[in-house]
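Trainee: following is a predicted model, sequence given first.
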Amino acid sequence: MNPTIHQQERVDVLAKKGTCIEFFSAYQDMDVDRMLGLCAPNGTVSFVPLGADYAGKLHEIGKAVWSALMDAFPDLDNTVKSQQYDEAADAVTCQVVIFGKQEKEFAGLAPKGNGFDSEHIFIFRFNPDGKITDLKIDWDHENFVRQLTK
């Protein structure tokens, strides 16, 4: 293999991983505009446990869900536990713990003063310009609801 090509692939992977970390940094700062600035204008998102109604454009569905979360959980935070690059899928998978205390209604769940601590899997795909083009997010939604409604 040409060392220059190998070096370029490594830089691309590191850049993709860096974009993921920047995404979670913006998430920690509750800066949805900065999160979306890392995404392609026609990028897609899927909040897997919530079904087809929560799949669509990052700049529409993603913005709405993240804005609602940040409003309902004013101390929302995250910790990135791991990142893996899948060469075959050309995707970065991040294992992330998201946590916060609910203070306002969210997705039909009235606030009871409870918090949640939930492991999420984020799978990022990118375009050649390094922008996020597809994001799949999965978590144990039943456990999330149980923590908030107990």
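Mentor: Structure's in. What do you need?
Trainee: which SSE is the residue nearest the centre of the chain in?
Mentor: The chain has F122 as the residue nearest its centroid, 5.3 Å off, counting by CA atoms, centre = their mean. Taking DSSP states H and E as the definition, one finds F122 inside strand 115-126.
Trainee: ok, residues contacting the helix or strand following that strand?
Mentor: Note on strand 115-126: by DSSP H and E, the next helix or strand toward the C-terminus is strand 132-139. Contacts of strand 132-139 with the rest of the structure, by CB atoms under 8 Å, 6 or more residues apart in numbering, involve 19, 23, 38-40, 42-49, 58, 62, 98, 118-127. Where C-beta positions appear, they are placed from N, C-alpha and C, glycine not excepted.
Trainee: mind checking which of those are buried?
Mentor: 19, 23, 38-40, 43-47, 58, 62, 98, 118, 120, 122-126 (16 or more other CB atoms under 10 Å).
Trainee: what pLDDT is listed against I137?
Mentor: Looking at I137, its pLDDT is 98.
Trainee: can you report how many residues neighbour it?
Mentor: By other CB atoms under 10 Å, 21 other residues sit near I137.
Trainee: thanks a lot, catch you later.
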